[in-house]
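S.K.: Need coordinates for the following:
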Amino acid sequence: MAVSDVTPSDPRHGSGEEVPRVALLNNPEIRGWLFQIILTVLIVYLAYTGWSNMNANLQAAGIASGWGFLGTNAGFAISQSLLEYSQASSTYGRVYVVGLLNTLVVAFFGIILATILGFIVGIARLSKNWLVSGLATVYVEALRNIPLLLQIFIWYFGVLRLLPQPREGLEFGPLGMLNNRGYFAPKPIWGDGAEYTLYAFIIACIAAYAISRWARMRQMATGQTFPSFMTGLGLIVLFPLIVFFLSGSPLSWDVPEMGGFRPRGGMTIIPEYIAMLVALATYTASFIAEIVRAGILAVNRGQTEASHALGLRNGPTLRLVIIPQALRIIIPPLTSQYLNLTKNSSLAVAIAYPELTSVFAGTALNQTGQAVEIISLTMLTYLAISLLTSLFMNWYNSRVALVER
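M.R.: Below is the predicted model of the structure:
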């Protein structure tokens with residue numbers, strides 16, 4: 001009998017019954033499509049229901065949806081504005097721009113200060129000097145375990161608000177004054193021809209970058225080093241300075257002077273900004289310090305020993321050998337800290353610093369009632385800032401990543 005012949009004893013054929021088919025739900029591909037369809041229908045239903053309820057509630061409250069409110073007069077003052085702002089004529093659109101710029105200013109300088117302080121403290125934790133290492137450890141463990149909001153309150157209510165009144169404030173001569181109203185700093189006033197100094201600074205920065213790239217390529221090709229950092233620094237400082245003097249020194253200073261109730265002249269840095277900047281920088285620096293310490297420890301000990309064998313001292317070894325390799329480990333978690341600092345700036349609403357959440361998602365929302373539009377725009381703004389920060393840091397991470405030849 002051939003192998004393909006069927007014997008009468010075969011129960012699948014001898015009884016005349018058909019072979020049972022597999023159920024559709026037991027097919028993984030069909031089951032996956034079915035679940036996705038059900039989930040899509042559910043999401044659409046919930047979105048439609050939420051949208052309908054929102055429109056019904058807005059109509060019941062007499063609130064018209066739309067973005068027309070951005071062109072109406074805001075009618076409230078803002079304590080700090082980098083742009084021209086008037087309580088009588090500025091619109092809610094201008095309020096949004098002012099709040100956004102205040103957020104970016106505190107986040108930008110906070111990131112710079114936190115990075116510098118974090119690297120210093122992180123390296124100090126690895127010091128062989130037990131006092132330096134101990135102080136760095138105390139700083140990290142204390143600041144990162146105290147809530148940020150509480151630190152903001154400490155700096156604002158416990159430090160800056162306890163400074164003397166303006167008449168008894170601290171005076172630093174030509175550097176300005178410090179009292180409980182803020183820091184009154186000299187204000188630069190640029191004259192005719194000042195733009196040439198700016199152009200010179202931009203040209204110097206481009207030249208310094210070109211020299212740095214040339215020096216790196218030369219070192220990779222020949223092994224010879226070039227003092228690109230000091231050369232670039234000299235260009236950035238000296239070239240604009242020479243142009244500044246050649247153009248007639250077009251700069252004067254408006255130094256603040258004590259008036260009747262508060263200093264007059266100069267520019268004012270409000271205490272709310274100082275408290276936010278210091279709190280954000282010191283708090284985030286405690287986390288960055290641990291990231292830096294972990295990144296340095298992750299570099300093989302043999303790299304340090306090889307550098308010492310070549311005659312490099314501890315400073316050049318750390319700067320030229322260890323840190324460049326540690327950056328590949330430091331940058332990804334460092335990006336998260338930058339994002340956290342930017343988003344944590346929204347806590348400024350607790351001390352009335354006029355950033356985006358405070359003036360736009362707070363005061364403007366309360367006055368207009370346009371909750372959906374304002375909250376949506378605020379969320380999209382923070383999302384855009386975070387995505388742009390991540391994009392830049394990912395680009396920089398790809399630049400310092402190890403490339404195999």
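
S.K.: Spatially nearest residue to Y96, not counting backbone neighbours?
M.R.: With C-beta to C-beta, 6 or more residues apart in numbering as the criterion, Y96 has its nearest non-adjacent residue at 5.0 Å, and that residue is F360. Placement of C-beta: from N, CA and C, glycine included.

S.K.: Tell me who's in contact with that neighbour.
M.R.: By C-beta atoms under 8 Å, 6 or more residues apart in numbering, the contact set of F360 is 92, 95-96, 99-100, 374, 377-378.

S.K.: where does it land in three-state SS?
M.R.: Per DSSP: H, G, I helix; E, B strand; the rest coil, the secondary structure class of F360 is helix.

S.K.: any idea how far V41 lies from L34?
M.R.: 11 Å (C-beta to C-beta, to the nearest Å).

S.K.: whoops, L383 was the one
M.R.: On the measure of C-beta to C-beta, L383 and L34 end up 33 Å apart.

S.K.: Comparing these two, which shows the higher neighbour count?
M.R.: Set side by side, L383 and L34 show more neighbours around L34, with 13 against 10, by other C-beta atoms under 10 Å.

S.K.: Let me see the confidence value for that one.
M.R.: L34 is assigned 86 on the pLDDT scale.

S.K.: same deal with L356?
M.R.: At L356, the pLDDT recorded in the model is 93.

S.K.: List the contacts of the nearest residue to it once chain neighbours are set aside.
M.R.: Once flanking residues are discounted, L356 sits nearest to G99: 3.9 Å by C-beta to C-beta, 6+ apart. For G99, the contact set (C-beta under 8 Å, 6+ apart) comprises 78, 354-360.

S.K.: Repeat that for G32.
M.R.: Neighbours of G32 in contact, by C-beta under 8 Å, 6+ apart: none.

S.K.: As JSON lines, the contacts of G99 with distance to S398 would be great.
M.R.: Shown next, in JSON lines, are the contacts of G99 (distance: C-beta to C-beta, whole Å):
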{"residue": "I78", "distance to S398": "40"}
{"residue": "P354", "distance to S398": "37"}
{"residue": "E355", "distance to S398": "31"}
{"residue": "L356", "distance to S398": "30"}
{"residue": "T357", "distance to S398": "32"}
{"residue": "S358", "distance to S398": "36"}
{"residue": "V359", "distance to S398": "37"}
{"residue": "F360", "distance to S398": "35"}
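
S.K.: tell me the two of those that are most distant?
M.R.: I78 and T357 (13.5 Å; C-beta to C-beta).

S.K.: How many neighbouring residues does L233 have?
M.R.: Other residues close to L233 by other C-beta under 10 Å number 13.

S.K.: got the residue ranges for the strands in the stretch 101-250 of the chain?
M.R.: 170-171, 177-179, 182-185, 187-190 (DSSP state E, counting those that start in this stretch).

S.K.: Okay then, goodbye and thanks.
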